[in-house]
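Q: mind folding the following:
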Amino acid sequence: MDAIALLKQDHTLVKDLLEQLADSTSRAVKKRGELLQQIHVNLKAHTTIEEEIFYPAFKEAGKKEEEKMYYEALEEHRAAEDLVLPDLMKTDPATEQFSGRAKVLKELIEHHIEEEEQEMFKDAKKLLSKEELNELGARMETRKAELLAEFKAAA
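A: Numbering: from 1, shown residues only. So this is what the prediction gives:
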C-alpha cells in the first residue's frame, strides 16, 4: 500500500473513533474509556510513522512551502498529543468537561487531517514517484505493526 493510502486509512479510523467518542454521553463511562484508549494507541502509531518516515521524505523532496507544511504538521501533532489528549485522558469521563475536551481534540485532528489530505498529500504525489510512495508505505506499515505490538505488550 502506498504511503498516502495508508495514512488516509488511519485518518478514517481515527475520525470514526473520535466521532463515536463525541457521540457518547457522560453515562457511557466504560465506552468512553475504551474509545479513548483506542484513539490514543492509533494516534500515537500514526503520528510516529508520519514523523519518522513520511514527513522527512516529504520535506526532503520539497522546497520552502513543503518545509513550512512540515513544521506546521509537527506542531499540530504536538498540540493534539502532548497537550489536549493527555488532559482528556486525565479527565473524568462522566463529566461535561470530558465532552468539551473530546470535542476540541476531534476538531483539532479533523483540521489537521483536512490540511494533510488537501495540501500535503497533493504535493507529495507531485514530489514523490509512485515507487517512492510505495517504498515509504511498506516501511510505514512495518513500523506501524512494530508500534502496535509494543503498545499491546505495554498494556
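
Q: state the pLDDT value of Phe58.
A: With respect to pLDDT, Phe58 scores 97.

Q: swap in Pro93?
A: With respect to pLDDT, Pro93 has a value of 96.

Q: where does the most centrally placed residue in the chain sit, in terms of helix or strand?
A: Nearest to the mean C-alpha position of the chain, by CA atoms, centre = their mean, lies Leu43 at 4.3 Å. Here Leu43 sits within helix 29-49, counting by DSSP states H and E.

Q: distance from the chain centre to stretch 116-135, please.
A: 17 Å (CA atoms, centre = their mean, to the nearest Å).

Q: who touches the residue located most distally from the centre of the chain in this structure?
A: When distances are taken from the C-alpha mean of the chain, Arg27 lies farthest, 27.0 Å away, according to CA atoms, centre = their mean. For Arg27, the contact set (CB atoms under 8 Å, 6 or more residues apart in numbering) comprises Ala94. Heads up, the C-betas are built off the backbone N, CA and C, glycines and all.

Q: repeat for Asp123
A: Phe58, Gly62, Glu65, Glu66, Met69 are the contacts of Asp123 under CB under 8 Å, 6+ apart.

Q: of those - the most surrounded one?
A: Greatest neighbour count in the contacts of Asp123, by other CB atoms under 10 Å, goes to Phe58: 24 neighbours.

Q: circling back to that earlier point, let me see the residues that make contact with the helix holding Leu43.
A: 6-7, 10, 13-14, 17-18, 20-21, 24, 77, 80-81, 85, 88-89, 93-94, 98, 102, 105, 109, 140, 143-144, 147-148, 151.

Q: please pick the buried ones from those.
A: 6-7, 10, 14, 17-18, 20-21, 24, 77, 80-81, 85, 88, 93, 98, 102, 105, 109, 140, 144, 147 (16 or more other CB atoms under 10 Å).

Q: mind checking which of those land in helices?
A: Counted as lying in helices by DSSP state H, out of these, are 6-7, 10, 14, 17-18, 20-21, 77, 85, 88, 98, 102, 105, 109, 140, 144, 147.
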